[in-house]
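S.K.: Generate a structure from the sequence data that follows.
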Amino acid sequence: MDKFILGKKLGMTTLYNEEGAQNVTLIECESKVSLLRKKEKNGYDAVQLEIPKTKRKNVKVEFRVGNTDLKIGDVADVSLFRLGEKAKVSGISKAKGFQGVVKRHGFAGSPKTHGHKHDLRAPGAIGAGFPEHVVKGKRMAGRMGGTRNSCKNLKIVFIDKEKKLLGVKGAVPGIPGGVVEIRVKN
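M.R.: Just a heads-up that it's a prediction; the model follows:
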């Protein structure tokens, strides 16, 4: 059976061990089972976990599983995981607001000299000769970030059962305090 849990990203730190210095993201994991879905009634098997995001708001996420021995009200904690396992961590990335094409798509921009005065970070030509309109999907300025992202194969390097902390090597999407999903395939 796959292992899964919801957690709240605390931030990044550096841990020192026999492998040297490791950049680690700490995640506080404490979620409880709020709903079970059965194939006979719902058409699929799933477990819904719930975690408090703020004092008044909870986040609920369904994980598709086969047969499970979990019951409503059970608490999923970090004791499910082992050091060295590879995890997939998903969350909502940092939102950056309205950005130009240089930051959003990595355009090079125009040269500073040779007739270019005020268009250093401009996108350049956006139309074409034949369709005579801007084609759909053209990379232009717009809202950036705030989308769901996943980081795969992050190694679990730290587990603290008393403080309910899980440390994964590398960065995970989202802001500190944001809710992330952690999955480990067997």
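
S.K.: what comes up buried for the longest strand seen in the chain?
M.R.: Assignment by DSSP state E gives strand 3-17 as the longest strand of the chain. Residues of strand 3-17 classed as buried: Lys3, Phe4, Ile5, Leu6, Gly7, Lys8, Lys9 (neighbour count, 16 or more other CB atoms under 10 Å). To be clear about C-beta, it is placed using only N, CA and C from the backbone, and glycine gets the same treatment.

S.K.: quick one: low-confidence ranges for this structure?
M.R.: Along the chain, the parts satisfying pLDDT under 70 run over 1.

S.K.: Apply 80 and report the result again.
M.R.: Applying pLDDT under 80 to the chain flags residues 1, 67, 186.

S.K.: Break it down into its domains, please.
M.R.: For the chain, automatic domain parsing gives the domain ranges 3-94+148-184, 99-145.

S.K.: Deepest in the core, which of the ones you listed is it.
M.R.: Neighbour counts (mean count of other CB atoms under 10 Å) averaged over each of the domains of the chain peak at domain 3-94+148-184, with a mean of 15.

S.K.: Can you show me the strands along this structure?
M.R.: 3-17, 20-29, 31-37, 46-52, 58-64, 75-76, 86-92, 95-99, 142-145, 148-160, 165-169, 179-184.

S.K.: Of those, which is nearest Pro123?
M.R.: The closest of these to Pro123 is strand 142-145. By CB to CB, the value is 11.1 Å.

S.K.: Which neighbouring elements make contact with the closest one?
M.R.: When contacts are defined as 3 or more CB pairs under 8 Å, 6 or more residues apart in numbering; DSSP states H and E, strand 142-145 sits against strand 95-99, helix 101-105.

S.K.: Pull the residues that contact the first one.
M.R.: It refers to strand 95-99. Residues from elsewhere that reach strand 95-99 (CB atoms under 8 Å, 6 or more residues apart in numbering): Lys103, Ala141, Gly142, Arg143, Met144, Gly145, Gly146.

S.K.: From Ala87, how far out is the nearest residue to Lys86 once chain neighbours are set aside?
M.R.: In space, and not counting its chain neighbours, Lys86 is closest to Asn153: 4.8 Å by CB to CB, 6 or more residues apart in numbering. Asn153 sits at a distance of 8 Å from Ala87 (criterion: CB to CB, to the nearest Å).

S.K.: just His133 next, same as before
M.R.: His133 is 46 Å from Ala87, where distance means CB to CB.
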